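In: give me a model of this one.
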Amino acid sequence: MKRYQSRYSSRSKPLSVRRLEKKGKRKFIFTILLGFFLLYALLTWILPTLVGGLSVINKFKDAPKATSSIANNATLAPPILSIPYEATNTATISVKGYAAASSTVEIYIDDELKTDTKAGGDGSFSTSPISLNIGTNNISGKTVDEKGNKSPSSKPIRIIFTSDKPDLEISSPSDNQTVSGDKKVTVSGTTNADKGINVTAGNTRLIVNSDGTFSQSIDISEGENNIVITALDQAGNTTQITRKVIYQP
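Out: Here you go, the predicted model:
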């Protein structure tokens with residue numbers, strides 16, 4: 001009897017009431033699901049994002065001076081160095097160039113500070129002699145303003161320091177050789193290969209092959225001819241050999 005009455009009482013409710021009850025249940029379930037979703041989002045996305053944002057802000061607060069220094073360096077131009085040669089046989093060098101007027105110029109060799117000097121009102125500067133290292137020297141500079149801010153380094157200029165004299169061997173002519181017929185003699189020999197060596201015989205520049213060999217006829221005069229054959233490297237080092245040639249008609 002009770003089961004029959006319960007079924008009967010639920011069906012006896014108006015249709016609109018039953019619809020409202022069902023709608024309320026759906027809203028309740030939806031509210032619970034939405035709450036779970038918001039809680040998940042809070043723990044997974046929102047809180048980590050807030051913590052990360054605070055960390056970034058703290059980093060910027062901790063290092064405002066470094067950021068300012070980088071900006072200042074970027075606006076300061078490096079000096080322009082003027083070194084008119086790529087190799088030298090002199091152990092010291094004086095670096096000249098231009099920088100910001102009245103600034104300080106630091107000169108480095110292989111990233112090691114060697115000296116500094118003051119630029120004039122027109123920006124020109126010239127250092128005292130700087131000792132070079134044997135072999136390759138990479139010379140660069142930095143501009144320093146009155147506040148102590150430094151520019152980026154200038155593009156390095158490579159200078160080779162060597163005092164070694166170039167090789168020179170003469171196979172022709174022999175010393176005290178006598179020549180007749182045409183007033184010419186062939187100068188042949190060898191020097192360093194692929195070193196850019198210039199070879200001259202008197203006032204005539206000889207053609208040097210990539211393997212260091214050379215052979216070329218030059219004019220001579222009647223009687224005795226002292227032919228000075230010179231090998232000159234890029235650093236200014238020289239080697240000389242003299243051959244006496246006698247021309248007889």
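
In: the residue nearest the centre of the chain - nearest residue in space that isn't next to it in sequence?
Out: Nearest to the mean C-alpha position of the chain, by Cα atoms, centre = their mean, lies Lys155 at 6.0 Å. Closest residue to Lys155 apart from its sequence neighbours, by Cβ to Cβ, 6 or more residues apart in numbering: Ser140 at 7.1 Å. To be clear about C-beta, it is placed using only N, CA and C from the backbone, and glycine gets the same treatment.

In: ok, Thr92 next?
Out: Nearest to Thr92 is Pro129, by Cβ to Cβ, 6+ apart, at 3.8 Å.

In: and the strand or helix carrying Asn138, how far out from the chain middle?
Out: Asn138 is part of strand 135-144, with elements assigned from DSSP states H and E. Centroid separation for strand 135-144 versus its chain: 11 Å, with Cα atoms, centre = their mean, to the nearest Å.

In: what packs against that strand?
Out: With contacts taken as 3 or more Cβ pairs under 8 Å, 6 or more residues apart in numbering; DSSP states H and E, strand 135-144 sits against strand 80-82, strand 104-109, strand 157-161.

In: the helix or strand following the first one pairs with which strands, and in what direction?
Out: Read in the C-terminal direction, the helix or strand following strand 80-82 is strand 87-88, with elements assigned using DSSP H and E. Partner strands and pairing direction for strand 87-88 (DSSP bridges) are strand 157-161 (parallel).

In: tell me how this protein divides into domains.
Out: What automatic domain parsing lists as the domains of the chain is 76-161, 168-247.

In: low-confidence bits of this structure, can you list those?
Out: The chain contains residues with pLDDT under 70 at 1-24, 28, 30, 36-43, 45-74.

In: if we go to 80?
Out: 1-74 (pLDDT under 80).

In: circling back to that earlier point, Ala77 versus the residue nearest to Lys155, what's the distance?
Out: Distance, Ser140 to Ala77, using Cβ to Cβ, to the nearest Å: 14 Å.

In: so who does the residue nearest to Lys155 touch?
Out: Applying Cβ atoms under 8 Å, 6 or more residues apart in numbering, we find Ser140 in contact with Leu81, Ile107, Tyr108, Asp111, Ser153, Ser154, Lys155, Pro156, Ile157.

In: restricted to buried residues, select the residues you listed in ChimeraX.
Out: To isolate the buried members of the contacts of Ser140 in ChimeraX, using 16 or more other Cβ atoms under 10 Å:
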select :81,107,108,154,156,157
